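[1] using only what follows, build the 3D model:
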Amino acid sequence: MVRKILRESYFHAGRMLTKPIIKSFQPIVQLPLRQQLYPAYYEKKCWLQNNCTPWEQVIDYWKETSGQRIIDIYNASSLSCIFSEWPRYKDFRGYELVEIGFETLYPGKGNMLFLKLEKFYKEILKIFDRDIKDRVSRELFLKYLHIDNISNECKYCISTILLHALLQPLRLNKDKKPTIADAQADFVTLVATRNDIQPTIIELKNQFAVRKGKLQPRIIVVGSDWSSISEFYVFCDGLQWKCTTYMKCVDCIIKLSYVYKIEYSQRSKQVWAFLEQYFYWAIMPNFACFICQKAHLNSIELIKHLKSAHGTPPVCKFQCNEYNCKQIFSNIHRFQIHLKKHLKIEIANLVKKILLLLIFQFKQLIHQIN
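    Below you'll find the predicted structure:
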């Protein structure tokens with residue numbers, strides 16, 4: 001399973017994640033109408049904007065407003081706009097609110113990463129031992145993952161770092177191709193003490209500003225070396241969350257990608273896309289509605305569902321949920337054309353599989369005759 005997805009992630013990386021089309025603000029004149037249609041929603045939203053305690057009340061109101069908030073998020077102009085409208089994301093336990101949004105979209109699927117984690121680790125160790133050729137990564141593997149007293153957090157962290165030796169970063173442009181070390185440093189940053197976190201974040205922001213880029217969600221861990229990490233943080237667009245475990249940080253960023261359509265960093269996108277596909281791909285059925293996740297037989301049925309069930313306007317954000325594709329379209333007609341391309345690809349792949357099966361059976365028959 002791990003081997004198959006690693007191979008598919010490598011050869012289909014170009015289609016994994018694309019930059020979303022940013023939609024401008026809706027005219028402010030529409031807001032009073034919406035407030036009339038959803039008075040309870042706006043009343044609770046107002047409370048959440050101005051209160052952070054008791055946290056139990058925050059959680060209750062957040063769950064009650066989750067469905068309508070998801071629709072607003074899909075029409076938001078940027079991630080900063082979302083966090084500004086919903087300031088509770090900036091609270092210390094804001095990652096719990098991300099999980100509520102994920103649970104709204106995918107009921108009962110929030111724990112999938114942790115259910116598969118130990119099986120994943122056992123499988124990937126064998127692949128590391130056989131396939132890692134990069135010298136530095138090989139030394140890291142032999143130094144840390146061959147000892148018995150290493151903690152779970154350390155072994156999982158090192159495993160995600162070593163994945164970059166298998167899923168090497170793609171070329172950013174014709175002149176720049178990140179190294180394996182670049183991708184590993186981009187995925188997770190190690191600092192010696194808690195006091196080093198903010199200076200590190202400032203330095204990273206400055207580096208991205210020089211490159212005219214934006215600092216994407218990032219994991220920072222605290223420890224003297226990779227075998228002694230003890231604190232785990234997620235940073236995203238000005239937010240800072242302290243998570244209980246390292247894999248909780250990984251889980252949080254993947255869920256941010258699903259719920260808020262964030263982009264992974266280009267340097268480490270290969271590994272992020274692989275982890276997302278391995279742990280969470282089962283939640284995305286073919287031709288699934290990006291709002292309610294109801295599955296449909298074909299693209300025509302999906303478009304009909306969007307118009308009838310959600311009253312979709314001519315201009316909105318339409319996200320493709322098909323295999324290895326998260327393209328976002330601003331026009332329903334372009335979205336429909338794109339879905340038809342997926343259908344053609346699926347048919348072509350099916351024909352290819354049938355031909356391969358026939359060839360295999362023919363060879364067996366020839367072998368039996370001889």
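[2] surely Gln207 is in a helix?
    Yes - per DSSP: H, G, I helix; E, B strand; the rest coil, Gln207 lies within a helix segment.
[3] how many residues are close by it?
    11 (other CB atoms under 10 Å). For glycine as for every other residue, the C-beta is placed from the backbone atoms N, C-alpha and C.
[4] dihedrals phi and psi, Phe235?
    Main-chain torsions, Phe235, degrees, to the nearest 10: phi -120, psi 130.
[5] same question, Thr189
    According to degrees, to the nearest 10, Thr189 has phi -110, psi 130.
[6] chain center to stretch 185-197, what's the gap?
    21 Å (CA atoms, centre = their mean, to the nearest Å).
[7] what about the stretch 251-370 of the chain, any weak spots by pLDDT?
    Judged against pLDDT under 70, the low-scoring parts of the stretch 251-370 of the chain cover residues 281-301, 310-319, 321-326, 330-332, 342-365, 367-368, 370.
[8] tell me the domain boundaries of this structure?
    The record's domain parsing of the chain by automatic domain parsing lists 2-17+111-283, 286-370.
[9] spell out the residue ranges of the strands in the stretch 101-250 of the chain.
    188-191, 218-222, 231-236, 239-243 (DSSP state E, counting those that start in this stretch).
[10] out of the ones you listed, which gets nearest to Leu140?
    Checking the strands of the stretch 101-250 of the chain against Leu140 by CB to CB gives strand 188-191 as the closest, at 12.1 Å.
[11] give me the buried positions along that closest one.
    Buried residues in strand 188-191, counted by 16 or more other CB atoms under 10 Å: Val188, Thr189, Leu190, Val191.
[12] pull out the buried positions in whichever strand or helix holds Ser257.
    Ser257 is part of helix 246-260, with elements assigned from DSSP states H and E. By 16+ other CB under 10 Å, the buried positions in helix 246-260 come out as 246-260.
[13] for stretch 102-111, same thing?
    Under 16+ other CB under 10 Å, the buried positions of stretch 102-111 are Phe102, Glu103, Thr104, Leu105, Tyr106, Lys109, Gly110.
[14] quick check: closest non-adjacent residue to the first one.
    Spelled out, that is Phe102. Lys255 (4.4 Å; CB to CB, 6 or more residues apart in numbering).
[15] contacts only, for that neighbour.
    Val98, Glu99, Gly101, Phe102, Gly110 (CB atoms under 8 Å, 6 or more residues apart in numbering).
[16] looking at these, which is nearest Ser77?
    Gly101 (17.9 Å).
[17] does that closest one touch Ser66 like I think?
    Yes - Gly101 lies in contact with Ser66 (CB atoms under 8 Å); the separation is 6.2 Å.
[18] what about these two, which has more around it?
    For Gly101 and Ser66, the more surrounded residue by other CB under 10 Å is Gly101, and the numbers stand at 23 against 16.
[19] how about that one, what does it touch?
    Counted by CB under 8 Å, 6+ apart, Gly101 has contacts Ser66, Arg69, Ile70, Ile73, Lys255, Val259, Tyr260.
[20] redo these as CSV? Include distance to Phe274.
    What follows is these, written out as CSV (distance: CB to CB, whole Å):
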residue, distance to Phe274
Ser66, 29
Arg69, 29
Ile70, 26
Ile73, 25
Lys255, 16
Val259, 20
Tyr260, 20
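[21] biggest separation within those, which pair?
    Greatest spatial distance among the contacts of Gly101 (CB to CB): Arg69 and Lys255, at 14.7 Å.
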